[in-house]
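>>> okay, predicted coordinates and the sequence, questions at the end:
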Amino acid sequence: MMATDPRPDDGERTTLSGEPLRPLYGPEDLRDWDPVERLGEPGAFPFTRGVYPTMYRGRLWTMRQFAGFGTPEETNERYRFLLEQGQGGLSVAFDMPTLMGLDSDDPRSEGEVGRCGVATDSLDDFETLFRDIPLGDISTSMTISGPAVVAFAFFLAAAERQGVPWEQLDGTLQTDIFKEYIAQKEWIFPPRPHLRMIGDLMAFCAERVPRFHPISVSGYHIREAGATAAQELAFTLADGFAYVELGQQRGLDVDAFSSGLSFFLNSHIDFFEELAKFRAARRIWARWLRDRYGATDPAAMRLRFHTQTAGVSNTAQQPMNNVVRTALEALAAVLGGTQSLHTNALDEVLALPTEEAARIALRTQQVIAYETGVADVTDPLGGSYFVEALTDRIEELAEELFAEIDRMGDGSMLEGVLAGIERGWFQGLIAEAAFDEQRRYERGSLTRVGVNRFVEEGEDPIETLVIGPEAERRQVALIKERRATRDEPAADAAIAALVEAAEGDANLIEPLVACARAGSTEGEIVKALEKVFGDYRETPVF
């Protein structure tokens, strides 16, 4: 039998992010702390305790499992399976070629089609992807940023084919190009052309697709790249403030469009640090929207967010332990007040999830929702000495980072974020944080069960989902057939009209939808826009 390692009480403890922890927290940690100012009531400024008065007593969070693989037909089958199992919303995972604006038959796509998500090249693929799923009745999230407006055009045209008015569409498009430059590296154009298209999208949705969230400001990938909790929070909210300034530059009313912004945050393995981060995020957003950007509508000050459990916390070693990790991370997200949640499957560190692993991941949320009782009381940890002190500390650290970004932008968060990207400032801080965390694991001051402690030799491999080459062959054949059978003059005319609009200052969403209707492919649309906007190469920073 393996003995439990003793933990000497040496007085030195930190959060996962390296913030010092004392052995005990009490009233002295909240001296002169005003609960009315810092906490308030749920559903009211500053929203620390939640964005709605009754939270989960009134409505549970949306159980939105991220899914996509192989061809649109295969992914449609997985979506219908998840909906039958009780999932409440769709979340589309695209393959790497799609995320990079490439068609499946592009030479650069070879070997990657359908591997890490679903391959979509045209409107016909979107129609297949959502076959027998009424888009007017379900919330749909799409995790894509570089070619997000192209995917959205396909989505709008697919809704038309279903007979669903755009005004009925509900969901979220990620679109967050800042986090691509900062962390994930899936951009297409230079920053300012991307921002032009995002501004077009914001204005278009405000007028034509009012229930749809055009931007999901993403901290998830920033955290997965190695950022601390406070860095994830600060960089994500700074990106959000930058999009607010972009909307104001486009002449949009802050109360009208800010409620259309949503957020996507990571729930890592340090339980209390994560739920404190979520609570601090709401308070910061509400204060900045009111005090700096002039919002008066409470809906514009409410920070609503989707959460995904931390992929980087899961391990290939002893993968069944990932079920436990995911459950605790999901619980932190729920206690932190998330509006939507994806729970990672136990095998996602090795491959896309099998059907059984996906079912267990969804059941994890359902057990939390229906068996534990945590959804019966709003903000049950509010007022805890430790939780409130940690919430205040994370907020303080975030404000220090905001001040630096503001200085880089000479008083503009939008220009500060752009300057931070161009100088490699964000990337440098994340790299340092990731390196520091890895050193702590190697020294043994941080534990990863099954990796640097409680290791077992000779583990048997688990069964994983295999995406074979036949999916790529089918998708490549399909796109060639569609090009051969479409109305080529109509497709050419739609692309020409898009280029003309891009060379001017017209809103690009309608021309993009016209390209989708005409059968243009994603790769063709992106190439046409690249001729106008150019491409982007990151400046190396060492």
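Now that the structure is in, tell me what you want to look at.
>>> quick check: longest strand in the chain by residues?
When the chain is parsed with DSSP state E, its longest strand is strand 261-267.
>>> same question for that strand, mean pLDDT?
Average pLDDT, strand 261-267: 95.
>>> sheet partners, orientation included, of that strand?
The strands beside strand 261-267 in its sheet (DSSP bridges) come out as strand 215-218 (parallel), strand 305-309 (parallel).
>>> could you identify the helix or strand that succeeds it?
Going down the chain from strand 261-267, the next helix or strand is helix 271-291, by DSSP states H and E.
>>> ok, then the element right after that following helix?
Toward the C-terminus, helix 271-291 is succeeded by helix 298-301 as the next helix or strand (DSSP H and E).
>>> what helices and strands are in contact with that following helix?
For helix 298-301, the packing partners by 3 or more CB pairs under 8 Å, 6 or more residues apart in numbering; DSSP states H and E come out as helix 254-257, helix 271-291. (Glycine included, C-beta is placed from N, CA and C.)
>>> switch to 7 Å and redo it
helix 271-291 (3 or more CB pairs under 7 Å, 6 or more residues apart in numbering; DSSP states H and E).
>>> next one: the helix it packs on to chain centre, how far?
Helix 271-291 sits 17 Å away from the centroid of its parent chain (CA atoms, centre = their mean, to the nearest Å).
>>> can I get it as PDB, trimmed to CA atoms?
C-alpha atoms of helix 271-291 as PDB (Å, rounded to 0.1, in the frame of the first residue of the first chain):
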ATOM      1  CA  PHE A 271     -10.200  25.600  -6.400                       C
ATOM      2  CA  PHE A 272     -10.400  28.800  -4.300                       C
ATOM      3  CA  GLU A 273      -8.100  30.900  -6.600                       C
ATOM      4  CA  GLU A 274     -10.400  30.200  -9.500                       C
ATOM      5  CA  LEU A 275     -13.700  31.000  -7.900                       C
ATOM      6  CA  ALA A 276     -12.200  34.200  -6.400                       C
ATOM      7  CA  LYS A 277     -11.000  35.100 -10.000                       C
ATOM      8  CA  PHE A 278     -14.600  34.700 -11.300                       C
ATOM      9  CA  ARG A 279     -16.000  36.900  -8.600                       C
ATOM     10  CA  ALA A 280     -13.300  39.600  -9.100                       C
ATOM     11  CA  ALA A 281     -14.000  39.600 -12.800                       C
ATOM     12  CA  ARG A 282     -17.600  40.600 -12.400                       C
ATOM     13  CA  ARG A 283     -16.800  43.400 -10.000                       C
ATOM     14  CA  ILE A 284     -14.000  44.900 -12.100                       C
ATOM     15  CA  TRP A 285     -16.100  44.800 -15.300                       C
ATOM     16  CA  ALA A 286     -19.100  46.500 -13.700                       C
ATOM     17  CA  ARG A 287     -16.900  49.200 -12.200                       C
ATOM     18  CA  TRP A 288     -15.000  50.000 -15.400                       C
ATOM     19  CA  LEU A 289     -18.100  49.900 -17.600                       C
ATOM     20  CA  ARG A 290     -19.800  52.400 -15.300                       C
ATOM     21  CA  ASP A 291     -17.000  54.600 -14.200                       C
END
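>>> quick one: contacts of that helix?
Contact with helix 271-291 is made by 15-17, 45-48, 51, 229, 233, 237, 240-241, 258, 265, 267-268, 295, 300-301, 303, 328, 332, 335-338, 381, 386-387, 390-391, 394-395, 398, as judged by CB atoms under 7 Å, 6 or more residues apart in numbering.
>>> among these, which are located in strands?
Counting by DSSP E, the contacts of helix 271-291 contribute 265, 267 to strands.
>>> quick one: buried ones out of the contacts of helix 271-291?
Taking 16 or more other CB atoms under 10 Å as the criterion, what is buried in the contacts of helix 271-291 is 15-17, 45-48, 51, 229, 233, 237, 240-241, 258, 265, 267-268, 295, 300-301, 303, 328, 332, 335-338, 381, 386-387, 390-391, 394-395, 398.
>>> can I get the strands paired with strand 261-267 in CSV with mean neighbour count, distance to residue 436 and mean pLDDT?
Converted to CSV, the strands paired with strand 261-267 look like this (neighbours: other CB atoms under 10 Å; distance: least, CB to CB, whole Å; pLDDT from 0 to 100):
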stretch, mean neighbour count, distance to residue 436, mean pLDDT
strand 215-218, 28, 23, 94
strand 305-309, 28, 23, 96
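>>> just give the closest residue to residue 347, not the sequence neighbours.
In this structure, residue 347 finds its nearest non-sequential neighbour in residue 357, 4.7 Å apart by CB to CB, 6 or more residues apart in numbering.
>>> so the one you found sits against residue 345, correct?
Yes - Residue 357 is in contact with residue 345 according to CB atoms under 7 Å; the separation is 3.8 Å.
>>> any idea which element the nearest residue to residue 452 once chain neighbours are set aside lies in?
In this structure, residue 452 finds its nearest non-sequential neighbour in residue 441, 5.9 Å apart by CB to CB, 6+ apart. Using DSSP H and E, residue 441 maps to helix 425-443.
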